[in-house]
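> Using only what follows, build the 3D model:
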Amino acid sequence: MEVQMNRYEFYIGLTLAVSSSIFIGSSFILKKKGLLRLWGRGQLRAGHGGHAYLREWLWWAGLLSMGLGEAANFTAYIFAPATLVTPLGGLSVLVSAVLSTHFLNERLNSPAKTGCALSIVGSTVMVLHAPQEQEVSTLSEMADKLKEPGFVAFASCVVLFSLLLAVLAAPRWGHSNVMVYVLICSLMGSLSVACVKGLGIAIRGLFLGAPVLRDPLGWLLLLGLCICVSVQIHYLNRALDVFNASLVTPIYYVLFTSCVLACSAILFQEWQHLSGGSAVGTISGFVTIVLGVFLLHAYRDHPLPLALLPFFLKAGGERGVLGCEEDSPLCTREETCIG
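Here you go, the predicted structure:
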C-alpha cells in the first residue's frame, strides 16, 4: 500500500510539473500578444516606460497563467523528487516556442524543431528513469537531513563560493563573462529548492493537523527561501541586462538544473538505490533536454533550412583551405573570399 501511495504521489508531482510548464510557457505568449495589441493601437510601449498593459486583459491573463504555473511548480516539489521536477521546467521553453508559431506568426527553423523533439524525448526518458527520493514526511526528519555532514558541507561551499563570486568576480568580470552572474543564480537556486521541499513538508503537515507553526525550522526555511530567491532575481536581472536572453536562458537552465540535481542527490540520497541503467537513463534524458533547449534558443532567430545544409558542409570543408566561395549562399560580404 505504501509503495502504491508513493507511486500515486509521484504521478501527481509529474502532472503538476508538466502543467507548470504549460502554464508558464503560455504566459509568455499571452503577455506578448497583449503587448502587441497595445502597440497596434499606438499605445506607449512598455520598453519605453508605458504602463498601458495594465488595462489589457490578455496581459493579466498571462500574469495569472504565470502565477498558476509557479504554484503548480511549487506543489510538484511536495510530491515528486526535485531530480524530476526541475529538468521538466525546460518544457516551458518548448511550449512557448510551439505556441508562438500559432499565435504570434513566428516560424521555427529546422534546428528549433529538432530542439523541440529532443526536449520531448529527453523528458520522456527522465520520467521513465527518475530516481525516488528518501521519504521525508515531517519537519523533524527534514531537520535531520539538513544536519547531515554531506549537506552541511555542500551548503557551506555554495554560500562561500557565491559570496566570493559576488564580491570578487562580479565587479571585475560580471559585465564581460556571462558565467559569473548566472553561476551565482544557479548556486543559490539549488538551496532555494531545498527550502521549497522543506516548506512543502510543513504545508502538508499543517493540513494534517501537525503543530508546524510552532516549529522554528519552517520559519527558517521560509526566510532562507526569500533570501535565495531575492539573490536569484537580482543577479538574473543583471545577466539579462548585460547579455542577450538567448545566451542567458540556456546557460542558466543547464547550471541551475545541475546544481539542483547535486543538492537533491546529497540531501535526499535520490541516487543511492538507483540501478546503473536508470542512472544512465536519467543522465541521458537530462543531456538530451539540454541539447534541445540549446537548439531552441541558439538558432531560433537564425534561418537555417535543411536545404542549405549541403552548402554549409561544403563551405565548412573548403573554408579551411580556400576560404569561401563567392557564389555560395553562406558567403557574406564581411568575409574575405579567396576561392
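
> May I ask which helix or strand encompasses His175?
In the assignment (DSSP states H and E), His175 maps to no helix and no strand.

> What of Ile266?
Ile266 belongs to helix 245-268 when elements are defined using DSSP H and E.

> Same question for Ala153.
helix 149-164.

> how far is the following helix or strand past that helix from where the chain is centred?
Downstream of helix 149-164, the next assigned helix or strand under DSSP H and E is helix 170-173. With Cα atoms, centre = their mean, to the nearest Å as the basis, helix 170-173 stands 25 Å off its chain's centre.

> buried set for helix 170-173?
Ala170 (16 or more other Cβ atoms under 10 Å). Every C-beta, even on glycine, is put in place using the N, C-alpha and C of the backbone.

> Now do the helix holding Ile266: which elements does it pack against?
Applying 3 or more Cβ pairs under 8 Å, 6 or more residues apart in numbering; DSSP states H and E, we find helix 245-268 packed against helix 82-88, helix 139-147, helix 149-164, helix 178-207, helix 216-242, helix 276-298.

> Tell me which of the ones you listed sits most buried.
With neighbours defined as mean count of other Cβ atoms under 10 Å, the helices and strands packed on helix 245-268 peak in mean count at helix 82-88, which reaches a mean of 26.

> following it, which helix or strand shows up next?
Downstream of helix 82-88 (by DSSP H and E), the next one is helix 91-103.

> model confidence over the helix or strand that comes right after that next one, on average?
Where DSSP H and E defines the elements, the next helix or strand beyond helix 91-103 is helix 110-129. Across helix 110-129, pLDDT averages out at 79.

> Same question for stretch 34-43.
Rounded mean pLDDT across stretch 34-43 is 72.

> likewise stretch 292-311?
The average pLDDT within stretch 292-311 is 62.

> Kindly report the same for stretch 137-145.
84.

> so how far is it from its chain's centroid?
Stretch 137-145 sits 27 Å away from the centroid of its parent chain (Cα atoms, centre = their mean).

> now swap in stretch 114-124 and tell me
Distance, centroid of stretch 114-124 to centroid of chain: 15 Å (Cα atoms, centre = their mean).

> which residues touch it?
The contact list for stretch 114-124 (Cβ atoms under 8 Å, 6 or more residues apart in numbering) reads 87-88, 90-91, 93-94, 97-98, 108, 284-296, 299.

> Tell me how far the closest residue to Val290 other than its chain neighbours lies from Val248.
Closest residue in space to Val290, ignoring its immediate chain neighbours: Val254 at 5.3 Å, by Cβ to Cβ, 6 or more residues apart in numbering. To Val248, Val254 is 11 Å away according to Cβ to Cβ, to the nearest Å.

> Mark out where each domain of the chain begins and ends.
1-132+284-304, 134-269, 314-339 (automatic domain parsing).

> Now that we have the ones you listed, can you turn them into TSV and tack on distance to Ser275?
Listed next are those as TSV, based on distance: least, Cβ to Cβ, whole Å:
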stretch	distance to Ser275
domain 1-132+284-304	9
domain 134-269	15
domain 314-339	41
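
> least reliable of the ones you listed going by mean pLDDT?
Across the domains of the chain, domain 314-339 gives the lowest mean pLDDT, at a mean of 44.

> Can you give me every residue that contacts the spatially most central residue of the chain?
In the chain, the residue lying closest to the centroid (Cα atoms, centre = their mean) is Tyr253, at 4.1 Å. Going by Cβ under 8 Å, 6+ apart, Tyr253 touches 89-90, 93, 290, 293.

> Could you identify the most distant pair in those residues?
Largest separation among the contacts of Tyr253 by Cβ to Cβ: Gly89 and Val290, giving 12.2 Å.
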